[in-house]
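Q: Provide a 3D model corresponding to the input given below.
(one chain, ligands or ions: 1)
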Amino acid sequence: MQTITTITATDVVAHFTTRTARYDDSSRWCTDRRMLDWLSNHLSPPPDAVMLDVACGTGLVSKEFKGKVGKLIGVDLTESMFTRGRSHVDDLVHGSAECLPFRDNGFDLAMERQGIQFMDAAAAVSEMVRTVKPGGRVCLIQLCAYGEEDRDEYFKILRLRNPARRNFFVREDLTTLLSDSGCVDVELYDYISEEDVGRWADNGAIGADNQDGIKAVYRCATEGFNRYHAVRLEDDGRIIDRMLFGIAVGTVTT
Ligand SMILES: C[S@@+](CC[C@H](N)C(=O)[O-])C[C@H]1O[C@@H](n2cnc3c(N)ncnc32)[C@H](O)[C@@H]1O
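A: Predicted coordinates:
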C-alpha cells in the first residue's frame, strides 16, 4: 500500500462535496448491476442480519441490501453525500470510519466500497472488525493496481483523478489489512470493470489539466501496463480501461 500522509479529512470532505451532484454517474462501476448482484449473491446476509456500510456515500451499495437484512446502518463523513443516501439505509450516522461510534460485536456484516483509500485504512478496517461479532464478515472492495508492472502509472492516474486519495492498493494489501486486524479465512476475488476513461476522469472535482494528464498517461502507457489494462484507444477518441477491483472478504474471530 502506498500512502500520502498529508491528505486530511477536510480535504476529503471538500472533494466529495464538490463531486456529490455527479457522483452516481461518475463511473460505470458505481451502478454496475453485475458487481452489485455479485456482492448481493456472494455476501448473501441472512434476513435478520445487522449490517454496516462504511463510507456509504450516496448509498449505492446500501440500496442493494436495504429490506433484505434486519437492519442496515450507513456511516459517512460528507454530509452532501450521505444526505442523498438517506433513503437507502435504515439509520444514517455522520461519523468517521476510523472511530466508529458503535459498540463492539454489534454487526453481522460490515462492508466498504471505495472508502478506505481516503482514510487511515488500517484504523478503519480494525474498527470494522471490532464492531462485527465473532463469525461475522468484513468485506473490502477497492480499485487496485494489478501489480508491479502497472502500479506506478496506475497510481499516478488515480492521484490525478482524485487529489484527496490517501492510499493506493494492490489487491494483496486488502488481504493484509483484514488479516492484520484479526480476520481469518480471508478470500480475495478479482472483479474487472471496463471504464470509459473520459467519463471517469470528468468527475466534477478536477480541472482540464488533470483530465488531460490522465489521458496522456493512458496514451503513452508502457507495455507492462497495457498487458493488464488492455487499453483500447477507440476511433471516436474514447479510451477504455479494464480496471481491477480487489474484493476481500474475511471472517471475524473472537
Ligand atoms: C468513492 S465514495 C464511495 C461511496 C460508496 N461506498 C460507493 O461505493 O458508492 C467515498 C466515500 O467515502 C467517504 N469517506 C471518506 N473518508 C471517510 C472517513 N474517514 N469516514 C467516513 N467516510 C469517509 C466520503 O465522504 C465518500 O462518501
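Q: contacting residues around the closest residue to Gly250 other than its chain neighbours?
A: Excluding its sequence neighbours, the residue lying closest to Gly250 (C-beta to C-beta, 6 or more residues apart in numbering) is Cys183, at 2.9 Å. All C-beta spots, glycine's among them, are computed from the backbone N, C-alpha and C. The contact partners of Cys183, taken as C-beta atoms under 8 Å, 6 or more residues apart in numbering, are 129, 138, 250-253.
Q: what is Cys183 paired to in the beta sheet?
A: Bridge pairing for Cys183 (DSSP bridges) gives the partners Val252.
Q: roughly how far does it sit from Val125?
A: In this view, Cys183 and Val125 are 9 Å apart by C-beta to C-beta, to the nearest Å.
Q: and what of Thr17?
A: Taking C-beta to C-beta, one finds Thr17 at 25 Å from Val125.
Q: filter the contacts of Cys183 down to the buried ones.
A: 129, 138, 250-252 (16 or more other C-beta atoms under 10 Å).
Q: could you say which helix or strand holds Cys139?
A: Using DSSP states H and E, Cys139 sits within strand 132-144.
Q: about what we covered before: which of the contacts of Cys183 sits closest to the ligand?
A: Relative to the ligand, the closest of the contacts of Cys183 is Val138; by C-beta to the nearest ligand atom it sits at 14.4 Å.
Q: thought the closest one was touching Val249?
A: Yes: look at Val138 against Val249 with C-beta atoms under 8 Å: they come within range, at 7.3 Å.
Q: mind listing what the closest residue in space to Arg232 that isn't next to it in sequence touches?
A: Of all residues not flanking Arg232 in the chain, Ile240 sits nearest, at 4.2 Å (C-beta to C-beta, 6+ apart). For Ile240, the contacting residues are 194-197, 231-232, 234, by C-beta under 8 Å, 6+ apart.
Q: try Tyr146
A: So Tyr146 contacts 154, 170, 228-229, 244 (C-beta under 8 Å, 6+ apart).
Q: biggest separation within those residues, which pair?
A: Greatest spatial distance in the contacts of Tyr146: Val170 and His229, 13.9 Å, computed using C-beta to C-beta.
Q: export stretch 73-93 to CSV, keeping only CA atoms.
A: What follows is stretch 73-93 as a C-alpha-only set of coordinates in CSV (Å, rounded to 0.1, in the frame of the first residue of the first chain):
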residue,chain,number,x,y,z
ILE,A,73,-26.7,1.3,9.0
GLY,A,74,-24.6,3.7,6.9
VAL,A,75,-21.8,5.9,8.1
ASP,A,76,-20.1,8.6,6.2
LEU,A,77,-18.2,11.8,6.7
THR,A,78,-19.5,14.0,3.9
GLU,A,79,-23.0,15.4,4.6
SER,A,80,-23.9,16.2,1.0
MET,A,81,-23.1,12.5,0.0
PHE,A,82,-25.0,10.8,2.8
THR,A,83,-28.0,13.1,2.6
ARG,A,84,-28.6,11.6,-0.9
GLY,A,85,-28.2,8.1,0.5
ARG,A,86,-30.6,8.5,3.4
SER,A,87,-33.5,6.5,2.0
HIS,A,88,-31.2,3.6,1.2
VAL,A,89,-30.4,2.8,4.8
ASP,A,90,-32.4,2.3,8.0
ASP,A,91,-30.1,4.5,10.0
LEU,A,92,-27.5,7.0,8.9
VAL,A,93,-24.6,8.2,11.1
